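*Asks:* From the sequence below, what's the structure:
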Amino acid sequence: MPNEYTAASLDASGAHAYFTAKMAFTTGPAELQRAIANDEVQVVDLRAAEHYAEGHIPGAISLPRPSWNDTSLLSREQPNVLVCYSPVCHLAPHAGMIFSEQGIPVMELEGGMREWRQHDGPIEA
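*Replies:* Predicted structure coming up:
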């Protein structure tokens, strides 16, 4: 019986498509810090307003789920980097589907705020 992992890993074209999309639509903490410093992105914190108030990425706008229908604060010229709680949080992918369907450029911070904090990213309250 063929091993499903072996069969999947032999699909080089599928792997290429996956990793190309992953690199286009995700970023990590170090890359995000550079993009922020170069004013290349807008950071959008999707967490609950009270968690945003406790500490967020400097310059991030707060857009908790109840506010997703108001996209007036989102950039249409730069990627909006969507930030949620952790690697298992689905707020960013969900918002990414909604916003991109409206033509808004989006990316996801892989690992969310948990990863940002683990990499000693700056926090403001």
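*Asks:* What is the burial count for residue 121?
*Replies:* Residue 121 is flanked by 17 other residues according to other Cβ atoms under 10 Å. In short, each C-beta sits where N, CA and C put it, glycine included.
*Asks:* before we move on, what SS does it have?
*Replies:* The three-state label given to residue 121 by DSSP: H, G, I helix; E, B strand; the rest coil is coil.
*Asks:* Can you name the residues that contact it?
*Replies:* For residue 121, the contact set (Cβ atoms under 8 Å, 6 or more residues apart in numbering) comprises 29, 32, 33, 57.
*Asks:* tell me the pLDDT at the first one?
*Replies:* Predicted confidence (pLDDT) at residue 29: the value is 98.
*Asks:* now swap in the last one and tell me
*Replies:* What the model reports for residue 57 is a pLDDT of 98.
*Asks:* my read: it touches residue 117, true?
*Replies:* No - counting by Cβ atoms under 8 Å, residue 57 sits too far from residue 117 to count as a contact (9.9 Å).
*Asks:* neighbour count winner among the two?
*Replies:* More crowded of residue 57 and residue 117, by other Cβ under 10 Å: residue 57, with 23 against 14.
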